[in-house]
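Q: 3D, please:
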Amino acid sequence: MDDIAAIATNKVQSSFGTASATWSCWRAGRINFGLLKWPLASTLGGAGLGAFAVTIVYTRWRMVLLPVLQIAIALYFLFGPKASDEDAHARLTPLAYSTVAGGGIDFYDGFFRPGTGSFSS
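A: Next up, the predicted model:
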C-alpha cells in the first residue's frame with residue numbers, strides 16, 4: 001500500500017500545478033470550456049479509471065510493472081519522435097482525440113503519471 005501512497009502524493013502535487021496553469025490560461029481567455037466538454041469528460045473518465053486500476057492491481061504486479069513503465073518512458077524520450085513545426089496541425093477531430101488519445105493518455109496518467117505531458121505535446 002505504500003506505493004499507492006507515493007503515487008497519490010505525486011498526483012496531489014501535480015494536480016495543484018495543473019489547476020494553477022488551467023486557471024491562468026482561463027483568465028487569459030485561452031480556454032473555451034464549451035468546446036472542451038467532451039475532451040474533458042473523456043480525460044476525467046480515463047484518469048479516474050487509471051486511478052481505480054492502480055488500487056486493484058496487486059502490489060507484486062505493481063512492483064514489476066512500474067519499473068517497466070519507467071524504462072518504457074525513458075526509451076520513448078530517447079528514441080521517440082521529436083516535436084517540430086510540421087507536427088503543429090491537428091490530425092484528429094477534437095472528439096476523436098478526446099475519446100481515443102485523451103482517454104488513453106489520462107488512463108496512463110491516473111495509473112502512473114511520469115511523462116504524461118509529453119504524449120499530448
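Q: use CA for all of it now, contacts and neighbours both
A: OK.
Q: Might one say that Gly110 is in contact with Ala47?
A: Yes: between Gly110 and Ala47 there is a contact under Cα atoms under 8 Å: 4.2 Å.
Q: Under the pLDDT cut-off, which ranges of this structure? List them.
A: By pLDDT under 70, the low-scoring segments of the chain are 1-4, 6-11, 83-89, 94, 113-121.
Q: can you do 80?
A: 1-15, 17-18, 35-36, 39, 57-63, 65-66, 73, 77, 80-102, 109-121 (pLDDT under 80).
Q: can you give me the helices for it?
A: 2-27, 37-56, 59-79, 94-96, 103-111, 116-119 (DSSP state H).
Q: Please work out which of the ones you listed is packed deepest.
A: The highest mean neighbour count among the helices of the chain, using mean count of other Cα atoms under 10 Å, belongs to helix 103-111: a mean of 23.
Q: outside of it, which residues touch it?
A: 42-54, 116, 119-120 (Cα atoms under 8 Å, 6 or more residues apart in numbering).
Q: and of those residues, the nearest to Pro81?
A: Phe119 (10.3 Å; Cα to Cα).
Q: re earlier: in terms of distance to Pro67, which of the contacts of helix 103-111 ranks first?
A: Distances from Pro67 to the contacts of helix 103-111, taken by Cα to Cα, are shortest for Val54, at 14.3 Å.
Q: From Leu40, how far off is the closest one?
A: To Leu40, Val54 is 21 Å away according to Cα to Cα, to the nearest Å.
Q: now do Phe79
A: 30 Å.
Q: tell me the contacts of Leu49?
A: Phe107, Gly110.
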